[in-house]
Structures are given as C-alpha cells and as structure tokens.
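In: With the sequence up front, the predicted model follows.
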Amino acid sequence: MKAYGFLLLLVFSVLSIGCVDPPSKINRTNLLAHVKNLSSEAFMGRQTGTEGGAMAVDYVENEMLEMNLSPCLESLRQPFGFTSRRSASEVSGINVVGMVQGTGSSTKIMAVTAHFDHLGSREGSVYNGADDNASGTAAMLEMARYFTINPPIHSIIFAGLDAEEVGLQGARALVASSCVSGKDVAIDINMDMISRSLKGELYASGTLHFPGTRPILESLAPRDGVTLLFGHDVPGTGSEDWTNSSDHGPFYQAGIPFVYFGVEDHPGYHQPTDDFEEITPDFYYQTAELILDAVLSFDAQLDDISFD
C-alpha cells in the first residue's frame, strides 16, 4: 500500500506540475485596485475635458511618477486639442506618456497603449467604464511597473491615452508627436476592454494585417481560464473589423504594426452597468499576464522578425 500510495502521489505531482500557470509577474492586488479606483463614482465617468477626466489624468500621471518613468516628450503630460464632432466646439485632452529605456543598442521601440477616458454622465447615470477601459489602463500601468524592475531589451513607450471615445484623438496626437513620428516604433500593443468575459475569450486582432505576429502569439504559454482567439480584422466586415476601432488605429494608419487585445462586446458595453462588480477578476488577471508574456516575447524577437 505504501508503494502504491507513493506512485499515486508521484503521478498526481507530475500532473499538477503540468497544469501550473507560468510564473506571475503582475501584482494582482494593484491591478484590481486601479480598475476599482478609476471606475468609481468619484471619477464621474472620466469624460475628456471634464473634472472626472482631469482626475483620471492625475491618477495615471501620479502612478508613472511613482515608478520614475522617463517622459517621452517634455513632460509626462501631452496636451492636445481637437474639434468635437457633436458640438463643433474646441475640446482639450491630455495624454500621459512615459518610457522605460531598453538595455540593448537597437533603435527599435515598442508602444503599449490604453485609453483612460470614458463617457461621463448621461441622463443622470454615471458611465463608470470599468472594462472600457479602466481595465486596459490598469494593465498598462502594472506592465510599466514590471519593466521598471525588469528592464526590457528595447525601449517601451507606455501611454495612457485620452479622448478615444470621441474619435481616437489622443492616439492621433501621440502618433503625430515626436515621441512616435520619426522614431523606429516597431509595434503597438493596444489594450481596450480586457476584463469581462464569461466565456473566457480574449481576441488578438491584427494578425491578418501583420501575419508575422501570429506565430509569437501562438507560442505563448496558455493561461488558466483564457482562450486566445484571432480575428476581427477582416476588411469589409463592418463593425466586426476592429482594425480602426481603438487607439491602435492611428498607429496602423501610420504604417506601424499592431496587436489589439480585447473582448467582444458584452451587455455592459457603453452602458451604466460597466461597473467594477461586473468584471471577471480571474479572467482579467490571467489576461493581463498573457498580454505581458506577449510583450516580453515581442521584445525578445523584435530585431529578428518581420511582422509583414
């Protein structure tokens, strides 16, 4: 019986080792706290140009200052202006953009982007935007924190973008700035809505346009409860084509490869029910880890591959 019991224990141990997720690199407590804070009623829906939007700018900037991220421009803040499509009035937005310097000699740079603005308040309801896109912003911040402790080979731009909800205005301003324009930005990893999926499905969109990205993504170690799917990038499919649907769009239009990570629309999309209590925390945490794994893999292979 002792020998039989030992064999059972050995088999169980081997099976358990085979099922263990890759090591954790993101602080789960911080990750969820960012989402809870940014999607709280105090931020009033984080609409661009409002008090709540300004609070979101302050929040992202303070986190980057705490990490000692280098500014990509004159400061971490990148002010910009645009004309509102609804009111034809002038609106001011502010991106928050930092950089972690790489340890290698390559001139190639990566960008990791996520928008922090949302819809504000409408008809007495606050649209808190937990999944859209406090989730992407929180993941961007915690990835930046990881790389300040574990420097990448290539320099990485970490950008909290404003005014996505009104025409990708923050991304357009960033791509036009000296932080990106004229630089060898090899790829943009954009995150928008990555925390809420009862089916456990995360999409990586853009591989149809840049097929060299797909083998890297397919080689990632699986994460428990997350199924990585490809698609939503076929031209001519209307709203099913996400090629220009979020902040990776201006990068793509500038000829910069991208991978856009996001979930499909859910009942809380652009509704006042997009609250922290409705996200799926285990899925979200594993998704953030998976995307960080992708960034690390791109960093390791950036000089040796073509994304076309």
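Out: Great, that's in hand.
In: Contacts only, for residue 280.
Out: For residue 280, the contact set (CB atoms under 8 Å, 6 or more residues apart in numbering) comprises 195, 196, 197, 198, 200. Quick note: C-beta positions are derived from backbone N, CA and C, even for glycine.
In: how much space between the second one and residue 41?
Out: Taking CB to CB, to the nearest Å as the measure, residue 196 and residue 41 are separated by 19 Å.
In: In terms of neighbours, single out the busier of these two.
Out: The neighbour comparison of residue 196 against residue 41 (other CB atoms under 10 Å) goes to residue 196, with 24 against 11.
In: My guess is that one contacts residue 271. True?
Out: No. Using CB atoms under 8 Å, residue 196 makes no contact with residue 271, being 11.8 Å away.
In: picking up where we left off before, what would the contacts of residue 280 look like in CSV with secondary structure and pLDDT?
Out: Listed next are the contacts of residue 280 as CSV, based on DSSP: H, G, I helix; E, B strand; the rest coil; pLDDT from 0 to 100:
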residue, secondary structure, pLDDT
195, coil, 98
196, coil, 98
197, coil, 98
198, coil, 94
200, coil, 98
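In: Just among the residues you listed, which is most surrounded?
Out: residue 195 leads those on contacts (other CB under 10 Å) with 30 neighbours.
In: Check the offset of stretch 235-248 from the chain's centre.
Out: How far stretch 235-248 lies from its chain's middle: 17 Å, per CA atoms, centre = their mean, to the nearest Å.
In: before we move on, what about stretch 83-92?
Out: With CA atoms, centre = their mean, you get 26 Å for stretch 83-92.
In: How about stretch 164-171?
Out: For stretch 164-171, the distance to the chain centre is 15 Å (CA atoms, centre = their mean).
In: Quick check: end-to-end length of that stretch?
Out: 7 Å (CA to CA, to the nearest Å).
In: Give me the buried positions along that stretch.
Out: By neighbour count with 16 or more other CB atoms under 10 Å, stretch 164-171 contains the buried residues 164, 165, 166, 168, 169, 170, 171.
In: And stretch 53-67, by the same measure?
Out: In stretch 53-67, counting by 16+ other CB under 10 Å, buried: 53, 55, 56, 57, 59, 60, 61, 63, 64, 67.
In: Stretch 241-254 too?
Out: So for stretch 241-254, counting by 16+ other CB under 10 Å, buried means 241, 242, 243, 245, 246, 247, 248, 249, 250, 251, 252.
In: From the residues you listed, pick the one nearest residue 278.
Out: residue 246 (20.2 Å; CB to CB).
In: Return the distance of the closest one relative to residue 91.
Out: On the measure of CB to CB, residue 246 and residue 91 end up 19 Å apart.
In: Residue 48 now?
Out: Noted for residue 48: a distance of 6 Å to residue 91, by CB to CB.
In: joint contacts of the two?
Out: 163, 166.
In: Okay, and the beta partners of residue 91?
Out: residue 82 (DSSP bridges).
In: Report the contact partners of it.
Out: Residue 91 touches 48, 49, 81, 82, 83, 84, 163, 166, counting by CB under 8 Å, 6+ apart.
In: Can you add pLDDT and distance to residue 262 and give the residues you listed back as a markdown table?
Out: A markdown table is the format used below for the contacts of residue 91 (pLDDT from 0 to 100; distance: CB to CB, whole Å):
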| residue | pLDDT | distance to residue 262 |
| --- | --- | --- |
| 48 | 97 | 20 |
| 49 | 96 | 25 |
| 81 | 97 | 28 |
| 82 | 95 | 24 |
| 83 | 92 | 27 |
| 84 | 84 | 25 |
| 163 | 98 | 18 |
| 166 | 96 | 19 |
